[in-house]
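**Q** Pasted the sequence and its predicted model underneath.
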Amino acid sequence: MKTTFMGGAVPGARRIFPFPEHASKGSDAPSDCGTREKLATRAWICEPRAMRKTTASVLTCVLAAGWAVACGDAGPGGVADGVVGNAKLAPVDGAPTLRPLESNQLAVEGGPTLGITKMTAVLRERPDPRSPQLGYLKLGAIVTRAEKPAAFDACQGGYYNVAPRGFVCLDEGATLDMEHPMLRAKLRGPDLAKPLPYAYAFVRAIAPRYYRLPKKSEQFQYEMSLDRNLRSHGRLKEKWNTIDVGANDVPLDLRGVATGPAPEEPPALTDIEKFGGVGEGTVPWFFAGGRKLPNVASFQVPDYAVITNRIKRHAGIAMIDAFPGENRDFALTTDLRLVPTSKLKPGRGSTFHGIELDQTWTAPFGFVKKDDAYGFERDKRRFKKLKQRIAFGAPVRLTGESSGDGNSRYVETRTGDWMLAGDLAIVPKRTTMPSHAKGKVKWLDISILRQTLILFEGEKPVYATMVSTGKDGLGDPKTTHSTPTGSFRIREKHVTTTMDSQMLGSEFELNEVPWVQYFHSGYAIHAAYWHTAYGRPRSHGCVNLSPIDARRIFGWTDPPLPKSWHGVSTSEATGDGTLVYISP
């Protein structure tokens, strides 16, 4: 099939027309055009009606990430500032020839930058709104970009190539202006080195979400029984703001594996620091004397608003700053709204984590899943409870021997003591392997009955921990709160995201859930910063992990998260997702 540019057309050939010479309505398209396909390169393909059923040598034009594809024999010097460019066209019946974008359309180290001004901005494989989504960037992110856009298809500001890969449309929450207020604000992003990437808190009483820093009179206007709340807070503030040792206090290596025990005492933090602030806190310039940043929250309000809406008791929020205001302190959430800290309780996540498997840790072993677990001494066929309690989450080496005593079953530890089998989430020694356990193929082995998760590379186990799956066990996921069984692949990964409360197993709003990996429909593997019931069914179907484990597993699975990205999807460009094998 012949493909030519407009001006060199021959009868019966597919022709490429620069946009907008033949616009989407097609009113001025040539009469012999049976179909028209709009290209990412601001051009159209005109396919004659006579050729519509000829499929053996159909030529398709695409613009791949970093590459443009042109069709035909020869063409003009280019259209739309070089977006089409001087391409060597394919032979008449051959495949299209790839050509690189112009050098100023590719992001290179040390080049200009682009910033994100909305909650998220999509990264696409090609500069085309129909192109697959590779991932996305979060509010405040700054990335290296090309000098010039690669295309303008449905994007007036243009699609810019960014490092390390992908294209961002300026119209979809990005800017080239590094003095934009959102970028000058230098908002704190997630700390990817920590199990909890933000500071978190739980709402103790229904709380307002203020759009700007409210005056004292406005606080009394919008909050019921505020006098009583402030009196109680003044009297019980020290108790309410007491913190425990949390997930971020546990020492970790670069992989996210614990290198030592959690400290005995929590860090000494100011009240401001407990809610995401620094030191004693300072009102940032963009809240001094009124709000100077646009609204990025999903809840829309006019610029003159004082309050957006309210948040329910027990909800979880993520915070990026805290500072004093009139009457009391305020925490700044990731969507740039303000919540009074007098109605919050700091949340620091569980210190529990799994273990790296090596020569010293081999199956069978277990994790203590109850708070009141004890060892037992065996005297003939009777078992006597020992005095020392065994801490929740402690890993226990087992021999594989078990014994009964009435209705109770005991398992033998390698120290010679015994424990109730029901007090442990047990990882037995595998006698057979599934067919996908080959070479160094990565896969996750999740057991619903045992409430365990093991990372495998081929037949080699590398990490193990406890999980919380759907609270209805092995029920039908379509009609109950159960985790689906079968083989799946990770489809998308998010550093944090707000998830459907029905999937979380909570009727309350829980913001910025960390280390989320979707593997089937709305089911995901993710950190649960709001509970510590690992080893027991608890969720509405998702696989809950401790924050430390969730970060460790997120960093191990594919596809890897590129630098500066907040989320990544599986695609030809980013690679396949790791296999997730869920069994009873």
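**A** Okay, I see it. Numbers count the residues shown, from 1 in each chain.
**Q** how does this structure divide into domains?
**A** Using automatic domain parsing, the domain ranges for the chain come out as 1-100, 113-184, 199-347, 364-424, 442-583.
**Q** I'd like those written out as TSV, with mean neighbour count and distance to Pro190 added.
**A** Glycine gets a C-beta too; all of them are placed from N, C-alpha and C. Shown next, in TSV, are those (neighbours: other C-beta atoms under 10 Å; distance: least, C-beta to C-beta, whole Å):
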stretch	mean neighbour count	distance to Pro190
domain 1-100	17	25
domain 113-184	21	7
domain 199-347	17	9
domain 364-424	15	25
domain 442-583	20	5
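**Q** immediately after the longest helix along the chain, which helix or strand?
**A** Using DSSP state H to assign secondary structure, the helix with the most residues in the chain is helix 226-240. Toward the C-terminal end, the helix or strand that comes next after helix 226-240 (DSSP states H and E) is strand 307-311.
**Q** So which elements touch that following strand?
**A** If you count contacts as 3 or more C-beta pairs under 8 Å, 6 or more residues apart in numbering; DSSP states H and E, strand 307-311 packs onto strand 207-210.
**Q** now for the domains of the chain, which one comes closest to Leu106?
**A** With distances scored as C-beta to C-beta, the stretch of the domains of the chain nearest to Leu106 is domain 113-184 (5.3 Å).
**Q** Nearest residue to Thr362 in space, please, no chain neighbours.
**A** Take Thr362 and drop its neighbours on the chain: the residue closest to it by C-beta to C-beta, 6 or more residues apart in numbering is Lys429, 7.6 Å away.
**Q** hmm, I was thinking of Asp476
**A** Counting by C-beta to C-beta, 6+ apart, Ser482 is the residue found nearest to Asp476 once chain neighbours are left out, at 6.6 Å.
**Q** list the contacts for that neighbour?
**A** Contact partners of Ser482, counting by C-beta atoms under 8 Å, 6 or more residues apart in numbering, are Thr469, Gly470, Asp472, Gly473, Leu474, Gly475, Asp476, Gly541.
**Q** Just the ones of these in helices?
**A** When DSSP H defines the helices, the subset of these inside them is empty.
**Q** Could you tell me which of these are located in strands?
**A** Mapping the contacts of Ser482 onto strands (DSSP state E) picks out no residues; all lie outside.
**Q** Is it possible to get those out as TSV so that each row also shows pLDDT and distance to Ser564?
**A** As requested, the contacts of Ser482 are exported to TSV (pLDDT from 0 to 100; distance: C-beta to C-beta, whole Å):
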residue	pLDDT	distance to Ser564
Thr469	98	33
Gly470	96	34
Asp472	96	40
Gly473	97	41
Leu474	97	41
Gly475	97	41
Asp476	97	41
Gly541	94	31
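**Q** What are the boundaries of the helices in the stretch 51-200 of the chain?
**A** When secondary structure is read from DSSP state H, counting those that start in this stretch, the stretch 51-200 of the chain shows helices at 181-184.
**Q** Tell me where the model's unsure across it.
**A** In the predicted model, the stretch 51-200 of the chain carries pLDDT under 70 at residues 51-99.
**Q** can you put the domains of the chain in CSV and add distance to His353?
**A** Compiled in CSV, those are given as follows (distance: least, C-beta to C-beta, whole Å):
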stretch, distance to His353
domain 1-100, 37
domain 113-184, 26
domain 199-347, 5
domain 364-424, 8
domain 442-583, 4
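**Q** Quick check: which of the ones you listed is nearest to Asp191?
**A** Asp191 lies closest, by C-beta to C-beta, to one member of these: domain 199-347, at 8.3 Å.
**Q** What residue in the chain is the furthest from its centre?
**A** Largest separation from the mean C-alpha position in the chain: Lys380, at 53.3 Å (C-alpha atoms, centre = their mean).
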